[in-house]
Every structure is written in structure tokens, then in C-alpha cells.
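S.K.: Structure, please.
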Amino acid sequence: MRNIFTLAQTDVHPTTHAVLGSNMRAEAGTGQEVIYLAAGCFWGVEKALWNTPGVVTTATGYMGGHSPNPTYEQVCSHSTGHAETVRVVFDTALTSAADLVRLFFEIHDPTQVGGQGNDIGDQYRSAIWTTTESQLHDAMALRAAYQEVLTERGFGPIQTDISAAPDGDSTARFWYAEDYHQQYLFKNPGGYECHARTGIACPALPHK
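M.R.: As a prediction, this is how the structure comes out:
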């Protein structure tokens, strides 16, 4: 289990990505897209994504809940319905939503019900929120393809929810997490990272 009380201080401006140097809150630019990925504790998920070629910026936050502007403590109390989520802006010339979704499926166990590893609770659920029709189509196709592979290997149903990202007026939209959660494992080397995995590769889509 992670220790939320050992928090490093940083001189980096809150909007500046501590690893990539980009603006964590910037909108997608020309040739860029945004996708939102929830795969358990967001510290390790964000690390995997910022290390992916083609990713422009990442940020941790909370999504899919029913209360506005939730705090970490509120999310941990299971009273807001939010999932720990990573917002990813990526360059479509260097990577694709399909590539990121394949990585997403491989860095957690999407068949686990009610959490990831020893992290138990709805905040650690598996979910994808897309921002284009193409992203939605590819995410659903990859889920189906991965399910076939996992079923053959004796795993149960994939629990990942996939839907279009809610609009900005919805309490279910993405809310940025507190600054100390941003790039946590860069600021705290050796910090907690969930390693729940299936150990099975997600197949690529034929046209991708």
C-alpha cells in the first residue's frame, strides 16, 4: 500500500511537467489529441505514460465522479465516485490512441474487480475516456481483441469501462489532482508503484 504522507516538495511551477517540461494543463495543439486513462494508482500509470515516445504531457487527476473539484482525501473516502486518472496529450504523428490503449491494458490487470493489486476500491477501477470517435472505436476493438487472448489464457472478463469523455460542465469530467501527485514517482524515486499485471501482451489492431 502506498504512503500518502511522504510527499516531496518541488520548485517546479505547478503547471510545468517535472519530467517533460511541458504545460500539464495545455489543450491539445495541432496534430495532438487527449485521452484519459484510469488503471489503478495514478502514480505508476503516469510514469509509464510520460516515458512513452510521442506523449507530449501527462497529469494526474480524478474523473468519472459525481462531486465537483474533489480532493484526494474525498476520493479516498469513496464518497465522490471518481477514479484516479491520467490525462494524456499525445502527438498523433509519433504515437496513436491505439498504441496508448495497448500499453494501458498491459500495465495493469483489467480483469481485476474492485481495484488493482492490494489497492482496493472504486477509485482504482479500470476505465478509458476518449475524445474522438476514432479513439472510442479503437479502444473498444482492442478491449474485445484482448478479451479473446485473456480468455484463452484462463482470465475472466475485462472490467474496463470505455466511454466518451464528459463535457466540461459535468462533475464527471477530469479534475486535476493536487500538485504533490503530479509526476510523483519522479519527485519520489522508489515510491509506491502498483505492479498488478496479466503478463500477457495486448494484440495490435490489424490497421494500426
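
S.K.: what residues are up against the residue positioned nearest the centre of the chain?
M.R.: In the chain, the residue lying closest to the centroid (C-alpha atoms, centre = their mean) is L37, at 2.9 Å. L37 makes contact with V45, L49, T85, V86, V88, L100, V101, F104, A127, I128, according to C-beta atoms under 8 Å, 6 or more residues apart in numbering. Where you see a C-beta, it was placed from the backbone N, CA and C, and this is true even at glycine.

S.K.: Among these, which lie within helices?
M.R.: If you go by DSSP state H, the contacts of L37 have V45, L49, L100, V101, F104 in helices.

S.K.: what would the residues you listed look like in a markdown table with pLDDT?
M.R.: Putting those into a markdown table (pLDDT from 0 to 100) gives the following:
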| residue | pLDDT |
| --- | --- |
| V45 | 98 |
| L49 | 99 |
| L100 | 99 |
| V101 | 99 |
| F104 | 99 |
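
S.K.: Out of the residues you listed, give me the two with the largest separation.
M.R.: Spanning the widest gap among these are V45 and V101, at 12.8 Å by C-beta to C-beta.

S.K.: List the buried residues in stretch 153-167.
M.R.: F155, I158, T160, I162, A165 (16 or more other C-beta atoms under 10 Å).

S.K.: tell me what the longest helix seen in the chain is packed against?
M.R.: Ranked by residue count under DSSP H, the longest helix found in the chain is helix 133-152. Counting contacts by 3 or more C-beta pairs under 8 Å, 6 or more residues apart in numbering; DSSP states H and E, helix 133-152 packs against helix 97-106, strand 126-130, strand 161-164.

S.K.: Among the ones you listed, which comes closest to G191?
M.R.: helix 97-106 (20.7 Å).

S.K.: and the next helix or strand after that closest one, what's its mean pLDDT?
M.R.: Per DSSP states H and E, the first helix or strand lying C-terminal to helix 97-106 is strand 115-116. Taken as a whole, strand 115-116 has a mean pLDDT of 97.

S.K.: ok, strand 115-116: who's next to it in the sheet?
M.R.: strand 119-120 (antiparallel) (DSSP bridges).

S.K.: What lies in contact with stretch 104-123?
M.R.: Taking contacts as C-beta under 8 Å, 6+ apart, the residues outside stretch 104-123 that touch it are 1-2, 37, 39-41, 44-45, 48, 62, 75-76, 78, 81-84, 124-126, 128, 142-143, 146, 150, 155-160, 194-198, 200-202.

S.K.: ok, and for that stretch, which residues are buried?
M.R.: Neighbour-count burial for stretch 104-123 [16+ other C-beta under 10 Å]: 104-112, 115-117, 119, 123.

S.K.: and which of those is nearest to Q135?
M.R.: Using C-beta to C-beta, the buried residues of stretch 104-123 come closest to Q135 at F104, 11.8 Å.

S.K.: Quickly note the distance from the closest one to S77.
M.R.: 26 Å (C-beta to C-beta, to the nearest Å).

S.K.: L142 too?
M.R.: Distance of L142 to S77, given as C-beta to C-beta: 33 Å.
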